[in-house]
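# Predicted model and sequence below, questions to follow.
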Amino acid sequence: MAHDLPGWVAELTDPRRASTLDELADRLVPLAEHAIDVSRRLQALLNELNDPFKRDALYGRVDRLKTRAGEAMDEITAEIAASGAERVERIWSDWLERTLPADRAGDRARELRRRLEGEIVPELTRRQREVAEKVAGRTSAALEEATQTLLTRVEELAKAVTELIHGVLPMAREGLALASRISGLSTRARQSGRGPVPDDLREESTELSRTFDEAVARLELEWATLGARSATVRAALRAAEETAFSHVTQEMTDCVEELAPEHVRALQETEARAATLFEGLADE
């Protein structure tokens, strides 16, 4: 679908259509502003492209990974502790159900609870702590490996981005230099008085207009391309960070699955020891 602009747009913005010096000066001003605009947009994109690779951003990325890994580890530790506390409470509830109402708040109940907390729970806590420490050890190793992989990928990407920036930066400067030339010609046109455009200024403005058309078309295309590359770089950095975190959490999951039988055995042995304790108190 065609999107043609009104005819007066070209009439008022093309220096080659100027018939007087004032018209030439007027038409050159927006060209200079356009060249400055696209150059600044390019420079802004280059800065945006470079920002994720600055020292603070790099430290922030590593800190986020460590924080997320720490939060995941805290959740696992809490789940391990909660499973033990739940089993202890279930043991206590089972005893209460088998006990006469009169005994549930008496000396026997208090003694049972004291011995349960003093003899059974500490051993369960110790074994839970061992499981948590094993998971933490595996997590720490996985985190170190994931961090190194993340840093390596960021470094590789930074090199590519640096090369890209060095290739595009001269183009942004080219646009500013072109804007300076156009502004200078506009100033000269105004200082030349009024009347028709002299042949030398017309020839120079015609040549400069062609240079402008070619340069700005190239700069606008580079700006659009650079915007797409900038989005790709941001996506790549995000993917690298998420992949690093997934590596850590997968190692956590594998470790928990490997240690699950040991943890279940600890819970079962706790319940068996509690049953023995209850029977001993019942015989007293």
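All right, it came through fine.
# only C-alpha atoms for contact and neighbour calcs from this point on.
Fine.
# Helices along the protein, start to end?
7-13, 21-50, 55-97, 107-115, 121-191, 199-283 (DSSP state H).
# winner for burial among those helices?
Among the helices of the chain, ranked by average contacts under mean count of other Cα atoms under 10 Å, first place goes to helix 21-50 (a mean of 20).
# TSV for the helices of the chain, including mean pLDDT?
Below are the helices of the chain laid out as TSV (pLDDT from 0 to 100):
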stretch	mean pLDDT
helix 7-13	79
helix 21-50	92
helix 55-97	87
helix 107-115	72
helix 121-191	92
helix 199-283	88
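# Run through the residues that contact the nearest residue to Val62 once chain neighbours are set aside.
Nearest non-adjacent residue to Val62, counting by Cα to Cα, 6 or more residues apart in numbering: Thr147, 6.8 Å away. Residues in contact with Thr147 (Cα atoms under 8 Å, 6 or more residues apart in numbering) are 62, 65, 244.
# what would those residues look like in JSON lines with distance to Thr162?
Rendered in JSON lines, the data for the contacts of Thr147 read as follows (distance: Cα to Cα, whole Å):
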{"residue": "Val62", "distance to Thr162": "21"}
{"residue": "Leu65", "distance to Thr162": "25"}
{"residue": "Ala244", "distance to Thr162": "23"}
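# gap between Trp92 and Ala57?
52 Å (Cα to Cα, to the nearest Å).
# likewise Ser183?
Applying Cα to Cα to Ser183 and Ala57 gives a distance of 39 Å.
# same deal with Leu31?
In terms of Cα to Cα, Leu31 sits 37 Å off from Ala57.
# Then Glu204?
48 Å.
# cool, Pro170 as well?
26 Å.
# go on, Ala244?
In terms of Cα to Cα, Ala244 sits 16 Å off from Ala57.
# Need the contact partners of stretch 179-186.
So stretch 179-186 is contacted by 24-26, 28-29, 31-33, 35-36, 205, 208 (Cα under 8 Å, 6+ apart).
# CA atoms only: put that stretch into PDB for me.
Output of stretch 179-186 as PDB, limited to C-alpha atoms (Å, rounded to 0.1, in the frame of the first residue of the first chain):
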ATOM      1  CA  ALA A 179      24.900  18.100   9.400                       C
ATOM      2  CA  SER A 180      27.700  20.600  10.000                       C
ATOM      3  CA  ARG A 181      28.300  20.900   6.300                       C
ATOM      4  CA  ILE A 182      24.600  21.500   5.600                       C
ATOM      5  CA  SER A 183      24.300  24.100   8.400                       C
ATOM      6  CA  GLY A 184      27.400  25.900   7.000                       C
ATOM      7  CA  LEU A 185      25.900  26.000   3.500                       C
ATOM      8  CA  SER A 186      22.600  27.300   5.000                       C
END
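# Centre of the chain to that stretch, how far?
42 Å (Cα atoms, centre = their mean, to the nearest Å).
# and if you look at stretch 79-92?
Worked out by Cα atoms, centre = their mean, stretch 79-92 lies 38 Å from the chain centre.
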